[in-house]
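1. what's the 3D shape of this:
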Amino acid sequence: MIPYGRQDISQEDIDAVVSALKSDWLTQGPAVPEFEAAFATYCGVAEAVAVNSATSALHIACMALGLGPGDWLWTSPLTFVASANAGLYCGASVDFVDIDPVSYNLSVSALAQKLSDAEKIGRLPKVLVPVHFTGQSCEMREIRQLADQYGFKIIEDASHAVGANYLDGKVGNCEYADICVFSFHPVKIITSAEGGMALTRSQVLAELMRKLRSHGITRDPEQMTQDADGPWYYQQLSLGYNYRMTDIQAALGCSQLRRIDGFVARRHEIADFYDHQLRELPIILPTRFDYGRSALHLYPVQIREESGKTRRQVFDGLRERGIGVNVHYIPVHTQPYYQHLGFKDGDFSEAEKFYARAISLPMYPTLTDKDLTKVVAEVKASLS
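-> Numbering: from 1, shown residues only. Coordinates of the predicted model:
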């Protein structure tokens, strides 16, 4: 079976992990700040906070921005549930902004209209979480302009976009956002097994998130409310969580980061091959935009009605032929939990239309030319 995504682990990665295992540190030691510094430098930002997952990063980002009961978080319905759940963890309410039918990202025009309507009834969001779906950046400059106009904070969910560019900079430089969150899950661009990172230009936000990832505890005497009893002393200043990344994970992340540009370049070669080989089929191919370079975490196609096949028929046919396609994503507002909160089918039609037709084809750097030829042949056969 050719999966839709998978990690690429080299001997250098293995050696890095073994070195960490043989060191004096397995949990949080020197590899964690080394990974944070290397990743922050790569993205061109001052502060990085490593955690055990992108979900944890989203949660502490929301907390650091003061999201709580009575507040609203808005995000895209076309995302993994964590983008929305982070708001609920904070006791806030959640709403969605429909996607653009071409980019599949949160629609700027729909956002502008929803903000105008929300202002009239006093229900503006405190936090917006635009999701860089498939690794293609949202139109962050326009979103920032709306944030300045309406007064909300921005957390970029860049889980798909490690290594992507937007305009003249790297996604993650936080030029247009307060905090940017990444995922290092094995199917993402680089991996630390599990893991995530929150980036920001604000030292204050970074310090808040560092405390929140470790039970709200500080060992910094300058932050304590009284003199330390001794060098062993620490204080819990707030209610935090155990969201720490281990040195083992960070060692793998550091090693993977050295190959990130090659990973993204290979993904573009694969996308170019798909673009050329599949262009005559009754499917909608994803669009890449000249305002940024996608990291190409996913390559989703949509099955056109004129194909005479349903998405399920094509999906099952490809799985039977050894092509491990997947679907990204079931719109969050259609999940039973969110329907209990009052959402219903039809609320965000563009996201629902995309979901009804979408299939993600295999996309990862170690796909060989032989693998790609097989994928294309089986896609053609499944549509014939």
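2. Identify each buried residue in the helix or strand harbouring A265, please.
-> Using DSSP states H and E, A265 sits in helix 260-277. Residues I260, F263, V264, R266, R267, I270, A271, F273, Y274, Q277 are the ones in helix 260-277 that count as buried (16 or more other CB atoms under 10 Å). Just so you know, the C-beta spots here come from the backbone N, C-alpha and C atoms, and that holds for glycine as well.
3. How much space separates the fifth one from A61?
-> As for R267, its distance to A61 is 26 Å (criterion: CB to CB, to the nearest Å).
4. now do the last one
-> Noted for Q277: a distance of 40 Å to A61, by CB to CB.
5. How far does stretch 364-382 sit from its chain's centre?
-> Offset of stretch 364-382 from its chain centre (CA atoms, centre = their mean, to the nearest Å): 26 Å.
6. I should have written stretch 216-226 there, sorry.
-> Using CA atoms, centre = their mean, the offset of stretch 216-226 from its chain centre is 32 Å.
7. Contacts for that stretch next, please.
-> E207, K211, D227, A228, Y233, Y234, Q235, Q236, L237, S238, L239, G240 (CB atoms under 8 Å, 6 or more residues apart in numbering).
8. how about 6 Å then?
-> Under the contact criterion CB atoms under 6 Å, 6 or more residues apart in numbering, stretch 216-226 has outside partners K211, A228, Y234, Q235, Q236, L237, S238, L239, G240.
9. which parts of it are buried?
-> In stretch 216-226, counting by 16+ other CB under 10 Å, buried: G216, T218.
10. Okay, now that stretch: how far is its last residue from its first?
-> Its start and end residues considered, stretch 216-226 measures 16 Å (CA to CA, to the nearest Å).
11. Which residue is the nearest non-sequential neighbour of A295?
-> Among residues not flanking A295 along the chain, G135 sits closest, at 3.3 Å (CB to CB, 6 or more residues apart in numbering).
12. For the one you found, give me its contacts.
-> H160, A161, A164, S294, A295, L296, H297 are the contacts of G135 under CB under 6 Å, 6+ apart.
13. looking at those residues, which has the most residues close by?
-> A161 (32 neighbours; other CB atoms under 10 Å).
14. Look up the pLDDT of the nearest residue to that one once chain neighbours are set aside for me, please.
-> In space, and not counting its chain neighbours, A161 is closest to H132: 4.0 Å by CB to CB, 6+ apart. We have a pLDDT of 98 for H132.
15. give me the number of residues near H132?
-> Residues lying near H132 (other CB under 10 Å) number 30.
16. Same check on N242?
-> Neighbour count for N242, taken as other CB under 10 Å: 9.
17. Spit out the contact partners of E47.
-> Counting by CB under 6 Å, 6+ apart, E47 makes contact with T200, A206.
18. so for stretch 238-248, what's the average pLDDT?
-> Stretch 238-248 carries an average pLDDT of 96.
19. Show me which residues of that stretch are buried.
-> For stretch 238-248, a neighbour-count test (16+ other CB under 10 Å) marks G240, Y241, Y243, R244, M245, T246, D247, I248 as buried.
20. just stretch 23-38 next, same as before
-> By neighbour count on 16+ other CB under 10 Å, the buried set for stretch 23-38 is W25, Q28, G29, A31, V32, E34, F35, E36, A38.
21. could the residues you listed go into a markdown table alongside pLDDT, distance to S382 and secondary structure?
-> Shown next, in a markdown table, are the buried residues of stretch 23-38 (pLDDT from 0 to 100; distance: CB to CB, whole Å; DSSP: H, G, I helix; E, B strand; the rest coil):
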| residue | pLDDT | distance to S382 | secondary structure |
| --- | --- | --- | --- |
| W25 | 89 | 49 | coil |
| Q28 | 84 | 48 | coil |
| G29 | 91 | 49 | coil |
| A31 | 97 | 45 | helix |
| V32 | 98 | 45 | helix |
| E34 | 98 | 46 | helix |
| F35 | 98 | 41 | helix |
| E36 | 98 | 44 | helix |
| A38 | 98 | 42 | helix |
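22. From these, pick the one nearest V314.
-> Nearest to V314 among the buried residues of stretch 23-38 is F35, at 40.1 Å by CB to CB.
23. So the nearest residue to that closest one once chain neighbours are set aside versus A38, what's the distance?
-> Residue nearest to F35 in three dimensions, not counting chain neighbours: A250, with 4.0 Å by CB to CB, 6+ apart. Distance of A250 to A38, given as CB to CB: 10 Å.
24. Repeat that for D290.
-> Applying CB to CB, the value for D290 to A38 is 29 Å.
25. Now do the strands for the stretch 151-300 of the chain: every range, in order, please.
-> With DSSP state E, counting those that start in this stretch, the ranges of strands along the stretch 151-300 of the chain come out as 153-157, 165-166, 169-170, 179-183, 196-200, 217-218, 235-236, 283-284, 299-303.
26. Now render these as TSV, adding distance to D117.
-> Formatted as TSV, the strands of the stretch 151-300 of the chain follow (distance: least, CB to CB, whole Å):
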stretch	distance to D117
strand 153-157	20
strand 165-166	28
strand 169-170	32
strand 179-183	26
strand 196-200	30
strand 217-218	42
strand 235-236	42
strand 283-284	30
strand 299-303	29
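27. Out of the ones you listed, which gets nearest to K309?
-> With respect to K309, and counting by CB to CB, the nearest of those is strand 299-303 at 6.3 Å.
28. Strand 299-303 and the next helix or strand after the closest one, what's the angle between them?
-> With elements assigned by DSSP H and E, the helix or strand that comes after strand 299-303 is helix 311-320. Going by axes from the mean of the first three to the mean of the last three CA atoms, to 10 degrees, helix 311-320 is angled at 130 degrees with respect to strand 299-303.
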